[in-house]
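Peer 1: coords please:
(2 chains)
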Amino acid sequence: MNFLIWTAKRLLALVLTFIGITLISFFVMHLAPGEPMSLQADFNPKMTPEMRQRLRAQYGLDKPLYVQYAKWFKGLVQLDLGRSFSPDRRKVWDKIRERLPITVLINVLSMILIIVVSVPLGVRAAVRQNSLFDQVTTVLVFLAYAAPAFWVALLLMLFFGIELGWLPVSGVHTLMGYEHMNTWQKIMDWARHLVLPVFVSAIGGLAGFSRYTRSSMLEVLRQDFITTARAKGLPERTVIYRHALRNALLPLITILGLSVPGLIGGSVIFESIFAIPGVGQLMWSSVMARDYPVLMGNLVIVSVLTLLGNLLADVGYAAVDPRIRTGLQETE
Amino acid sequence: MPFKTIISTSICLVIILFNPLQAPGQQPASPDYGDSIIVGSIGDASTLIPMLASDATSHEIAGLIYNGLVKYDKDLNLTGDLAESWDITNRGKTITFHLRRGVKWQDGAPFTSADVLFGFNTIIDPKTPTAYAGDFLEVEKAEAPDPYTFRVTYKKPFAPALSSWGDIVVLPRHLLQGKDITKSPLSRNPVGLGPFRLKLWKTQERIELRANDSYFEGRPYLDGYIMRVIPDPATMFMELKAGGLDWMGLSPVQYQRQTNTRFFRKNFRKYKYLSFSYTYLGYNLRHPFFRERKVRQAISYAIDKEEIIRGVLLGLGVAATGPYKPDAWFYNPNVKRYPYHPEKARSLLKECGWKDTDGDGILDRNGTPFVFTVLTNQGNPLRDKTAQIIQYRLGQIGIKMNIRQLEWTAFINDFIDKRRFEAVILGWTLGQDPDIYDIWHSSKTGAKQLNFIGYKNPEVDRLLVMGRRIFDREKRKKIYFRIQEILAEDQPYTFLYVPMSLPIIHARFHGIKPAPAGISYNFIRWWVPKDEQKYITR
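Peer 2: This is a model prediction of the structure:
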């Protein structure tokens, strides 16, 4: 029962936070110099002041900001994110939706890659703390973390795409003849195109996540129950993977929860470099064009996911860790 | 259409690097049909209804799908496109277009003068969010007396009028009438009259066009045109190398250094011609430093334009002497020039009272040192390098110039529009018509208007108005020659350079004939011999 009340309270706080986020973002966004028709109208000799006014009125920019916000929020309540201010005037949801699959695909793949590689890496480094392996991985991981993604991407493209010719340089699938491939060939084609983007987008996370695993693991290995387990004479494998790792992974739930919004976030840098038509590029061009509805639409999705991710992490914690569950019941 | 893209309208001075194996005489006599071309573009199109689009990519693609009443031919003369001919009567105020018969929209409906009238009514409709209504608001009356005649009457004779009847104003009435153009499906599924029709558009990924078999000038030799969106120029170049692209625009470094390998000589042809644009250093003429003409002339003498062209463009450009490019028919080569002459610059400044009295290496007058800031937009390395070279040269004659880069929209709205600048480095895109009223007339100095430097010269004002009213080419030429003389004397800008367009195209494409208009004017006549064809699409 307490758990339910706690969850309900959290949900209410979430809704209020969400409204706050949209409100602040809406006003901050309009503080940036320029307006949606800037790209179309600025420095265009054919643009007359009357036409500029007309465009402003069409976009509703001639009304006070709070009226604009109210109108936008009313749409949101009806699950209508409005229409883009760019010349195509498409529905915001359509514009975001067509970009989502590829962004989510790459991010999920890179997330899997990160976990699969960095957890064992972190565990090994912790178990053999200060060994050669630990030091080498530390250096490598930090190098990878520090190297700019665009530079790494270009080097990899040059090497695998041009020097060796093994992988395609950019895009998500072959341009010509793609329609005539069978399903298996199509999957292989996509896979070949996605190797580099997934790898490049995983590099940064790899470094962070393996470090988290390592330090969390070190923490746990110092605990009394590990000593107890060893004293019982359990094999080292069991001690590490059953007793230590399970506890060490707890803090990682938080980090995973916080990564949820990142799944649709997308990155301008690697999307631009690999010519991937994802959400990141859409956001970048919308910022440049001051396309407020698209920006707000994306913001809504990202903030909902962030808040949900936080909630999930908290709930997940409570579910996994009995100490948190009981602590909760005692305080309330 | 002054704002059509550089590629589709560019001009001359073309030097092709012929491969000796491909001398024209050895080409087969009859072109083959087939194959596709893959073109790289850094941006996606926004909408394929030309009058709603304002970006270069949209106009480039729309230009292959739609046609206008008139177009520019390879020598930049206006010729008929959908109009077979036209008469100018009523002392230059009335234009009567005689339209081609038997032309069909891509959905099979016949094209008539009603489509032109509909397009005109749409573009002047206040509800249409278009940036191109300006020229059409000069129209007093437009009518379609019969299906193949379209007549338009202007309030006053208006010389740029004829060229405005290009592809932005012809729309399929049967698909749009009574509908909201901003929400029309035509924006993403256009129906035009042109040589290509849309096959597929994957946002931010690619646009595929296929040949229109029933095009009124005969179908293009190529089966397809595919534009791939690759936002990063480095990636685009690698994609070209990897064989994924057939046509892209090169940067000067790529042109001069990176494409001189055996691989490129064997597989590609490079072209170069002057682009329809120029870069300038513009002064805020309200500023006490720049109010005096002699100071502006001194700065022009202190800048070595050739050095900038060598350093920034690697020689791929020419010095600008005025607001036109040197191969236009209205370009006046005999205006006052400002060769690099630092001594002259110093003495001109001295005449204005600028001396280094405190010995700090910077000129001063009445206690004010000659220090100013030049603004330019972020993300344009050519302008950034240009600014640095100018900074160095001005430093040598005792002027301290700071450089500040700004994000484009902030630059325009917070600095240019509010006149909060001392000097700027920017560029203008040029049209095929000499009319530059909007940039130089003294009535255009208001907020958001383009004479933002505040240039006022009564003689230029008078000539600019006259130039718009006269159709006769020779008389117009005289008017614009005089304007260039005055601008060269006044130096409201230091005109810096006209860069070159540097396209590279795969060697299997034949029939590319560079002309004053650039290379793409005869795109529908490009072809690939059967045994060299790469993409079999039919």
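
Peer 1: when you work out contacts or count neighbours from here on, use the C-alpha atoms and nothing else.
Peer 2: Noted.

Peer 1: skip the chain neighbours and tell me the closest residue to residue B:44.
Peer 2: In this structure, residue B:44 finds its nearest non-sequential neighbour in residue B:204, 5.2 Å apart by C-alpha to C-alpha, 6 or more residues apart in numbering or on different chains.

Peer 1: cool, residue B:332 as well?
Peer 2: Here the residue nearest residue B:332, using C-alpha to C-alpha, 6+ apart, is residue B:481, at 5.3 Å.

Peer 1: pretty sure that neighbour sits against residue B:331.
Peer 2: Yes - with contact taken as C-alpha atoms under 8 Å, residue B:481 and residue B:331 are classed as touching, separated by 6.9 Å.

Peer 1: where in the stretch 101-250 of chain A is pLDDT low?
Peer 2: Along the stretch 101-250 of chain A, segments meeting pLDDT under 70 are nowhere present.

Peer 1: where do the helices sit along it?
Peer 2: Assignment of helices within the stretch 101-250 of chain A using DSSP state H, counting those that start in this stretch yields the ranges A:132-146, A:149-156, A:183-221, A:224-231, A:236-237, A:245-248, A:250-259.

Peer 1: residue 225: neighbour count?
Peer 2: I went with chain A, as the question did not name one. Around residue A:225 there are 14 other residues, counting by other C-alpha atoms under 10 Å in any protein chain shown.

Peer 1: the chain in question should be chain B.
Peer 2: 22.

Peer 1: helix/strand/coil for it?
Peer 2: Look at residue B:225: counting by DSSP: H, G, I helix; E, B strand; the rest coil, its state is strand.

Peer 1: what's the spacing between it and chain A?
Peer 2: Per C-alpha to the nearest C-alpha, to the nearest Å, residue B:225 is found 12 Å from chain A.

Peer 1: give the contact list for the residue nearest to residue B:332.
Peer 2: Remark: with contacts taken as C-alpha atoms under 8 Å, 6 or more residues apart in numbering or on different chains, residue B:481 is in contact with B:330-332.

Peer 1: and the pLDDT at residue B:385?
Peer 2: Residue B:385 is assigned a predicted lDDT (pLDDT) of 95.

Peer 1: what's near enough to touch residue A:180?
Peer 2: By C-alpha under 8 Å, 6+ apart, the contact list for residue A:180 is empty.

Peer 1: ok, it to chain B distance?
Peer 2: According to C-alpha to the nearest C-alpha, residue A:180 and chain B sit 11 Å apart.

Peer 1: which SS class is the most far-flung residue of chain B relative to its centre?
Peer 2: Note on chain B: the largest separation between a C-alpha and the mean C-alpha position, by C-alpha atoms, centre = their mean, falls on residue B:358 (47.2 Å). Under three-state DSSP, residue B:358 falls in the coil class.

Peer 1: show the pLDDT at residue 291.
Peer 2: As the question left the chain open, I've gone with chain A. Reading off the per-residue confidence, residue A:291 sits at a pLDDT of 88.

Peer 1: you looked at the wrong chain, it should be chain B
Peer 2: Note on residue B:291: pLDDT of 93.

Peer 1: cool, and residue B:6?
Peer 2: According to the model, residue B:6 scores 34 on pLDDT.

Peer 1: which residues are in contact with the residue nearest to residue B:44?
Peer 2: Residues in contact with residue B:204 (C-alpha under 8 Å, 6+ apart) are A:276-277, B:43-44, B:229.

Peer 1: now with 10 Å?
Peer 2: By C-alpha atoms under 10 Å, 6 or more residues apart in numbering or on different chains, the residues touching residue B:204 are A:99, A:275-278, A:281-282, B:42-46, B:228-231.

Peer 1: got it, and residue A:134?
Peer 2: With contacts defined as C-alpha under 10 Å, 6+ apart, residue A:134 is in contact with A:121-128, A:214.

Peer 1: repeat the analysis, applying 8 Å as the threshold.
Peer 2: Residues counted as contacts of residue A:134 (C-alpha under 8 Å, 6+ apart) are A:124-126, A:128.

Peer 1: ok, back up a step: now do the SS call for the residue nearest to residue B:44.
Peer 2: coil.

Peer 1: how far away is it from residue A:277?
Peer 2: With distances taken as C-alpha to C-alpha, to the nearest Å, residue B:204 is found 5 Å from residue A:277.

Peer 1: what mean pLDDT does stretch A:252-270 have?
Peer 2: Computed over stretch A:252-270, the mean pLDDT rounds to 75.

Peer 1: helix or strand next in line after the longest helix anywhere in chain B, which one?
Peer 2: For chain B, the helix with the greatest residue count under DSSP state H is helix B:473-490. Proceeding N to C from helix B:473-490, the next assigned helix or strand is strand B:493-501, under DSSP states H and E.

Peer 1: partner strands of the following helix or strand past that next one, parallel or antiparallel?
Peer 2: Using DSSP H and E, the helix or strand that directly follows strand B:493-501 along the chain is strand B:503-506. Strands flanking strand B:503-506 in the sheet, each with its direction: strand B:247-249 (antiparallel), strand B:268-270 (antiparallel) (DSSP bridges).

Peer 1: give me the contacts around strand B:503-506.
Peer 2: B:246-250, B:267-272.

Peer 1: between the residues you listed, which is nearest chain A?
Peer 2: Using C-alpha to the nearest C-alpha, residue B:246 is the member of the contacts of strand B:503-506 that sits closest to chain A, with 12.6 Å.

Peer 1: for that closest one, which residues are in contact?
Peer 2: Residue B:246 sits next to B:37-40, B:240, B:504-506 when contact means C-alpha under 8 Å, 6+ apart.

Peer 1: so which residues on the stretch 151-300 of chain A come close to chain B?
Peer 2: Where proximity means C-alpha under 8 Å from any C-alpha of the partner chain, the interface of the stretch 151-300 of chain A facing chain B comprises A:154, A:157-158, A:161-162, A:165, A:168-171, A:176, A:272-277, A:288.

Peer 1: mind doing that once more with 10 Å?
Peer 2: Applying C-alpha under 10 Å from any C-alpha of the partner chain, one finds that the stretch 151-300 of chain A approaches chain B through A:153-154, A:157-158, A:161-163, A:165, A:167-172, A:174-177, A:269-278, A:281-282, A:285, A:288-290.
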